[in-house]
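Here is a sequence with its predicted model. Questions after.
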Amino acid sequence: MSDTIDYGKKMHHAMRGLIAGVLQDVADHGLPGEHHFFITFDTRHPDVDMADWLFDRYPDEMTIVVQHWYDALFVTEDGFSITLNFGDNPEPLKIPFDSLRTFVDPSVEFGLRFESHDGDEHEVVELPDFDEDRQSGRAPETKASELASHDGGSDEGAEKKADKKADVVSLDSFRKS
């Protein structure tokens with residue numbers, strides 16, 4: 001046993017478990033209400049499985065939108081698979097949780113960010129800033145239509161727009177040097 005508790009690794013594992021649980025609920029019951037997800041992942045991860053033409057178009061990372069049309073969502077301990085529509089071409093994707101960079105649900109201003117640092121595991125967690133509008137039950141200012149250009153596909157700018165309201169909590173600030 002180690003002399004210290006690796007909180008970063010435990011947080012990493014817990015956040016991946018949270019995402020797995022949310023995706024399993026969606027696989028079992030569908031997306032409730034206005035919920036939808038922007039999920040960015042590292043396409044270079046060795047366990048990512050996607051069509052060659054998609055990899056050619058997104059050689060480093062890709063953001064998918066899970067909203068109106070998706071099919072065959074299956075969640076495992078290590079990741080998930082989903083079929084999305086890319087310009088009227090249904091394409092299956094296999095995405096390991098270890099490849100995730102961001103997970104955002106703009107309908108409730110929730111987001112997580114995972115980043116690697118010099119070969120470390122992903123260790124930065126982004127949490128939302130719940131403003132007065134969210135606490136009072138009013139709709140958020142950012143509309144889903146402003147964030148995504150189309151459903152079930154990729155929108156490279158969506159992640160950046162969705163991140164504007166979130167505060168970043170870096171675990172690096174709590175590390176000993």
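Arrived safely. Numbering: from 1, shown residues only.

rest of the way, CA atoms for contacts and neighbours
OK.

Can you tell me the SS state at T102?
strand (DSSP: H, G, I helix; E, B strand; the rest coil).

and I64, what helix or strand is that in?
For I64, the host element (DSSP states H and E) is strand 61-66.

Let me see the residues that make contact with the helix or strand following that strand.
Downstream of strand 61-66, the first helix or strand assigned by DSSP H and E is strand 71-75. Under the contact criterion CA atoms under 8 Å, 6 or more residues apart in numbering, strand 71-75 has outside partners A20, L23, Q24, A27, F80, S81, I82, T83, L84.

Pull the contacting residues for the fifth one.
So that's F80. So F80 contacts A20, L73, F74, K94, I95, P96, F97 (CA under 8 Å, 6+ apart).

for the protein, which spans come out with low pLDDT?
1, 115-177 (pLDDT under 70).

what helices or strands is the longest helix seen in it leaning on?
Identified as the longest helix of the chain according to DSSP state H is helix 7-29. When contacts are defined as 3 or more CA pairs under 8 Å, 6 or more residues apart in numbering; DSSP states H and E, helix 7-29 sits against strand 71-75.

Would you indicate which residues of the strand it packs on are buried?
D71, L73, F74, V75 (16 or more other CA atoms under 10 Å).

Quick check: neighbours of the helix or strand following it in the sheet, parallel or antiparallel?
Remark: after strand 71-75, the chain's next helix or strand is strand 79-85, criterion DSSP H and E. With DSSP bridges as the test, strand 79-85 is paired with strand 71-75 (antiparallel), strand 90-96 (antiparallel).

who's in contact with the longest one?
By CA under 8 Å, 6+ apart, the list of residues contacting strand 90-96 from outside reads 41, 47-51, 78-85.

Let's see that with 6 Å instead.
V48, D49, M50, D78, G79, F80, S81, I82, T83, L84 (CA atoms under 6 Å, 6 or more residues apart in numbering).

ok, now stretch 10-24?
Looking at what lies outside stretch 10-24 - CA under 6 Å, 6+ apart - the contacts are V75.
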